[in-house]
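1. Any chance you could fold what I've pasted below:
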Amino acid sequence: MTHITRVKASSCALAAALLVGIAAPAVSAHGAPASPARDSHARIPFTQAKVTAQDDGSYTVEWKAPGTHRVAVKAGGRTVASGGATGKVTVRGLAAADRQWFDLVPERGGSLHLADRLIKLEGTVNFRDAGGYRTADGHWVKMGEIYRADALDKLTAADLAKLKRLSVRTVFDLRMESERTAAPDRVPAGATHVVADVLAGSPTFTAMPTTPEEGVAMMVEGEKFMVSGDTAKAAYRTVFAGAADDSSRAVVFHCTAGKDRTGWANAALLTALGVPRSTVMEDYLASNDYRAEANAAALASMPAAQAAVYKPLLDVRAEYLNSGFQEVSEKFGSFGAYEKKALGLDAKDIRDLKRDLLVG
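-> Numbers count the residues shown, from 1 in each chain. Next comes the predicted model:
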């Protein structure tokens, strides 16, 4: 069997594995309140910053801004907390909102416009913002522009209304035809649905792994196909064209579990924007946390021996993503060459993408 044949077969098994997983019981962004009027190109002193929504309705806001003496934390235009160069505060008592935004405003330099990365919906568990990360050269990826998600077929009417209010305009569906037929997307009113089938044309799935080791190997080969497979390259070219189009945003790209096909799409996007590999890996591995309950339910429904085989298919692991980047090196020589040859992005396209999606 040739390498390409093995990769295609593994990719089909990967898609089937994702079905198992899903079946178990700054500047103002689109849909976001306007942040304080500041120069979006001013140097942003924050090296770390994050907003985390808590189960009790409060929010934890934390940051690091070396050399800064005072940082004001604002919500809805008013200061709700403050601190120094390093801070971690809990904010309570805010009015309910589709998404609670905070502005971290230093006494000098650019501010950050942040929210919790997870978009809480009734019909998904892994719908989250692709932004809110710092690049190696000190810029920040805007939030509220690009989202990554799991399957959208179980979105409720309330979910759809919320996504419309968040200005979701384009949905890129990375799934195979069989997945789309079994679980058609539900998209917000007025949004455009675009098929970008990563595994289109792959042979019908015929065999699942019989050992955990085979499961790991399958996931590794599937990741490689996402980089160098012809249908994968075509699909991701479509996604990147949409991400670069102002009129298309806010954009959502998704598969079934929101972790593999979607995971590579976001890893490639963040890498193109200049986000360090360690941060890209952190974002990729976060699917294990967001999908923990669904994955546990799936595994609990199986006999122990079967669960051991399926667990590698439901996980995201560093070796999976690393195999994708290794495939980039082996097949294209560099990530820049991958951007050009696989994604169809030249140097101007990358500059434009950074101009649109980065602040600071």
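
2. so residue 313 touches residue 217, yeah?
-> No: contact criterion C-beta atoms under 8 Å: residue 313 and residue 217 do not qualify, at 11.1 Å. Where C-beta positions appear, they are placed from N, C-alpha and C, glycine not excepted.

3. more neighbours, the two?
-> residue 313 (25 against 15; other C-beta atoms under 10 Å).

4. So that one: helix, strand or coil?
-> Secondary structure state of residue 313, per DSSP: H, G, I helix; E, B strand; the rest coil, is helix.

5. per-residue confidence for it?
-> pLDDT, residue 313: 95.

6. Tell me the spacing between the nearest residue to residue 242 once chain neighbours are set aside and residue 240.
-> Distances taken as C-beta to C-beta, 6 or more residues apart in numbering put residue 248 closest to residue 242, at 4.5 Å, once the chain neighbours are dropped. From residue 248 across to residue 240, the span is 11 Å (C-beta to C-beta, to the nearest Å).

7. circling back: and the residue nearest to residue 242, how far is that from residue 101?
-> Counting by C-beta to C-beta, the gap between residue 248 and residue 101 amounts to 22 Å.

8. Tell me which of these two has more neighbours.
-> Between residue 248 and residue 101, counting by other C-beta under 10 Å, residue 101 is the more crowded of the two (24 against 16).

9. who's the more buried one bridged to?
-> Beta bridges link residue 101 to residue 115, judged by DSSP bridges.

10. Look up how far residue 250 lies from it.
-> Counting by C-beta to C-beta, the gap from residue 101 to residue 250 is 14 Å.

11. hang on, residue 105 is in a helix, isn't it?
-> No: counting by three-state DSSP, residue 105 falls outside a helix, being strand.

12. Am I right that residue 324 is in contact with residue 227?
-> Yes: in this structure, residue 324 is within contact of residue 227 by C-beta under 8 Å, at 5.1 Å.

13. From the contact counts, what lies against the helix or strand that contains residue 297?
-> Using DSSP states H and E, residue 297 sits within helix 292-300. If you count contacts as 3 or more C-beta pairs under 8 Å, 6 or more residues apart in numbering; DSSP states H and E, helix 292-300 packs onto helix 3-23, helix 304-314.

14. rank those by pLDDT, which is bottom?
-> Lowest mean pLDDT within the helices and strands packed on helix 292-300: helix 3-23, a mean of 42.

15. what residues does the helix or strand that that one is followed by touch?
-> Using DSSP H and E, the next helix or strand after helix 3-23 towards the C-terminus is strand 48-53. By C-beta atoms under 8 Å, 6 or more residues apart in numbering, the residues outside strand 48-53 that reach it are 59-64, 100, 102, 104, 112, 114-118, 120, 132, 134, 140.

16. if we go to 10 Å?
-> Here strand 48-53 makes contact (C-beta atoms under 10 Å, 6 or more residues apart in numbering) with 26, 58-66, 71, 73, 75, 86-88, 90-91, 99-102, 104, 112, 114-118, 120, 132-134, 140, 143.

17. who does that strand pair up with?
-> strand 59-64 (antiparallel).

18. The strand it pairs with versus strand 101-106: what angle between them?
-> Angle of strand 59-64 versus strand 101-106, following axes from the mean of the first three to the mean of the last three C-alpha atoms, to 10 degrees, is 30 degrees.

19. Any idea how far strand 59-64 is from the middle of the chain?
-> 21 Å (C-alpha atoms, centre = their mean, to the nearest Å).

20. Quick check: phi and psi at the most centrally placed residue in the chain.
-> The residue lying closest to the centre of the chain (C-alpha atoms, centre = their mean) is residue 148, at 3.8 Å. Residue 148 adopts backbone torsions of phi -120, psi 150, taken as degrees, to the nearest 10.

21. Please give me every residue in contact with it.
-> 117, 126-130, 251-255, 258-259, 262-263, 265-266, 269, 283, 287.

22. So which of the residues you listed are in helices?
-> Counting by DSSP state H, those place 262-263, 265-266, 269, 283, 287 in helices.

23. where does the stretch 151-300 of the chain have low pLDDT?
-> For the stretch 151-300 of the chain, residues meeting the criterion pLDDT under 70 lie at 201-206.

24. now the helices: where do they sit in it?
-> 157-165, 177-182, 212-228, 230-243, 261-273, 277-285, 287-290, 292-300 (DSSP state H, counting those that start in this stretch).

25. Next, the angle from the longest one to helix 261-273.
-> So that's helix 212-228. Going by the same axes, to 10 degrees, helix 212-228 makes 50 degrees with helix 261-273.

26. circling back: buried ones in the helix holding residue 297, by neighbour count?
-> For helix 292-300, the neighbour count (16 or more other C-beta atoms under 10 Å) marks 294-295, 298-299 as buried.

27. Give me the distance between the two termini of stretch 67-78.
-> 24 Å (C-alpha to C-alpha, to the nearest Å).

28. and if you look at stretch 64-82?
-> 13 Å.

29. one step back: any figure for the gap between the residue nearest to the centre of the chain and residue 305?
-> Noted for residue 148: a distance of 33 Å to residue 305, by C-beta to C-beta.

30. Does residue 136 touch residue 275 like I think?
-> Yes: under the criterion of C-beta atoms under 10 Å, residue 136 makes contact with residue 275 at 7.3 Å.

31. Between these two, which has more neighbouring residues?
-> Under the criterion of other C-beta under 10 Å, the comparison of residue 136 against residue 275 puts residue 275 first, with 25 against 11.

32. The more buried one and residue 191, how far apart?
-> Residue 275 sits 27 Å away from residue 191, going by C-beta to C-beta.

33. Next: residue 57.
-> Separation of residue 57 from residue 191 (C-beta to C-beta) stands at 29 Å.
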